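Undergrad: Structural data only, the sequence is not supplied:
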């Protein structure tokens with residue numbers, strides 16, 4: 001069996017074995033990595049990160065991060081149970097930490113390990129906006145975006161290897177081979193990987209809005225948050241086609257459009273009014 005056939009069979013095996021159903025969209029997703037494969041490594045990396053950074057505890061802001069996270073986690077479990085996915089979160093180990101860092105960011109690792117940097121608090125401004133960020137980051141973990149990205153990257157690498165071997169077997173000279181590989185690299189990145197990532201961000205925005213609304217936070221605040229994020233960026237952002245994220249304007253418009261849907265979903269769980277927006281953060 002030649003190398004190209006081996007690569008082809010490997011890609012086919014990944015696609016067949018990786019087809020799982022996304023509980024939030026009902027669509028099939030490519031994810032070749034199980035929770036048992038991803039979570040232990042993620043938990044270890046998270047503990048290592050906490051050990052190397054200054055974790056803030058015992059403050060109002062730190063307590064708020066935990067409070068909001070716990071409410072979002074409960075909302076996620078309520079939604080999943082109501083939609084036939086009981087036990088979906090059994091392997092998740094939720095943890096919420098505030099880290100002293102000026103970076104404007106927050107993230108959630110596979111399995112529910114969450115970090116907020118203090119640098120994002122002044123832009124968030126209030127607890128409801130923290131819920132919007134928390135909902136978005138938790139959504140990445142709920143929808144297995146980490147495993148999907150790893151699966152896609154593996155496929156990209158294998159196909160790239162197949163292209164390289166194919167040009168060698170086909171007798172393509174080294175200069176043309178280099179051009180072909182450059183074209184493949186650019187094409188697969190701009191045409192596949194970046195749109196894939198932007199799709200995940202948009203999906204996480206939608207799921208996050210639903211989770212924050214079920215948790216009792218007004219989803220209208222999410223678009224206002226991103227207006228502040230846009231202002232903070234000073235308009236400096238790559239063209240959307242070259243970015244892992246949708247543009248700020250696209251995101252703001254999408255969040256405004258989705259907010260009524262999130263409120264409708266929340267009503268199914270008896271949530272018809274929302275918590276106060278919260279005190280201004282420092």
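TA: Sure, I can see it. Every value quoted in this text rests on a predicted model; they were computed, and no experiment measured them.
Undergrad: Show me the helices in the protein, by range?
TA: For the chain, the helices defined by DSSP state H cover 3-18, 35-52, 60-82, 121-124, 127-142, 145-169, 174-188, 194-214, 220-233, 248-267.
Undergrad: Point out the other helices and strands that the second one packs with.
TA: Contact partners of helix 35-52 among helices and strands, from 3 or more CB pairs under 8 Å, 6 or more residues apart in numbering; DSSP states H and E: strand 95-99, strand 106-109, strand 113-117, helix 145-169. For glycine as for every other residue, the C-beta is placed from the backbone atoms N, C-alpha and C.
Undergrad: Return the set of buried residues in the first one.
TA: Just to be clear, that refers to strand 95-99. Neighbour-count burial for strand 95-99, counted by 16 or more other CB atoms under 10 Å, picks out 95-99.
Undergrad: Please look at residue 120 and residue 106 and confirm they touch.
TA: Yes - using CB atoms under 8 Å, residue 120 is in contact with residue 106, at 5.7 Å.
Undergrad: Which neighbours do these two have in common?
TA: Counting by CB atoms under 8 Å, 6 or more residues apart in numbering, the shared contacts of residue 120 and residue 106 are residue 133.
Undergrad: Now for residue 86, how many residues are close by?
TA: 11 (other CB atoms under 10 Å).
Undergrad: Please apply the same query to residue 132.
TA: Residue 132, neighbours per other CB under 10 Å, totals 28.
Undergrad: any idea which of the buried residues of strand 95-99 is the one closest to residue 280?
TA: Of all the buried residues of strand 95-99, residue 98 has the smallest distance to residue 280: 16.7 Å, by CB to CB.
Undergrad: Does residue 218 touch residue 274 like I think?
TA: Yes - Residue 218 is within contact range of residue 274, at 4.0 Å (criterion: CB under 8 Å).
Undergrad: Could you pull out the residues contacting both of the two?
TA: In contact with both residue 218 and residue 274: residue 128, using CB under 8 Å, 6+ apart.
Undergrad: returning to that earlier point: would TSV of the buried residues of strand 95-99 with distance to residue 85 be doable?
TA: Converted to TSV, the buried residues of strand 95-99 look like this (distance: CB to CB, whole Å):
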residue	distance to residue 85
95	22
96	22
97	27
98	30
99	31
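Undergrad: Specify which member of these is nearest to residue 225.
TA: Using CB to CB, those come closest to residue 225 at residue 98, 17.5 Å.
Undergrad: Which of the helices and strands packed on helix 35-52 comes out lowest on mean pLDDT?
TA: Here the helices and strands packed on helix 35-52 differ in mean pLDDT, and the lowest is helix 145-169 at a mean of 59.
Undergrad: Any regions of the chain where pLDDT drops low?
TA: Along the chain, the parts satisfying pLDDT under 70 run over 1-19, 29-32, 145-148, 150-199, 235-246, 282.
Undergrad: let's see it at 80
TA: Within the chain, the ranges that satisfy pLDDT under 80 run 1-22, 25-34, 145-200, 234-246, 279-280, 282.
Undergrad: In contact with residue 94, which residues?
TA: If you count contacts by CB under 8 Å, 6+ apart, residue 94 has them with 69-70, 73, 112-114.
Undergrad: Please check the residues you listed and keep the buried ones.
TA: Counted by 16+ other CB under 10 Å, the contacts of residue 94 give 69, 73, 112-114 as buried.
Undergrad: For stretch 102-121, measure first residue to last.
TA: Counting by CA to CA, to the nearest Å, you get 10 Å between the two ends of stretch 102-121.
Undergrad: now do stretch 273-280
TA: End-to-end for stretch 273-280, by CA to CA: 21 Å.
Undergrad: Buried residues in that stretch, which are they?
TA: Residues of stretch 273-280 classed as buried: 274, 277-278 (neighbour count, 16+ other CB under 10 Å).
Undergrad: With stretch 36-49 instead?
TA: 38-39, 42-43, 46, 49.
Undergrad: Stretch 98-116 too?
TA: 98-99, 101, 104, 106, 108-116.
Undergrad: burial measure for residue 82, as a count.
TA: 12.
Undergrad: typo on my end, it should be residue 28
TA: 11.
Undergrad: Need the buried residues of stretch 273-280 in JSON lines (columns: distance to residue 263).
TA: Listed next are the buried residues of stretch 273-280 as JSON lines, based on distance: CB to CB, whole Å:
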{"residue": "274", "distance to residue 263": "9"}
{"residue": "277", "distance to residue 263": "15"}
{"residue": "278", "distance to residue 263": "18"}
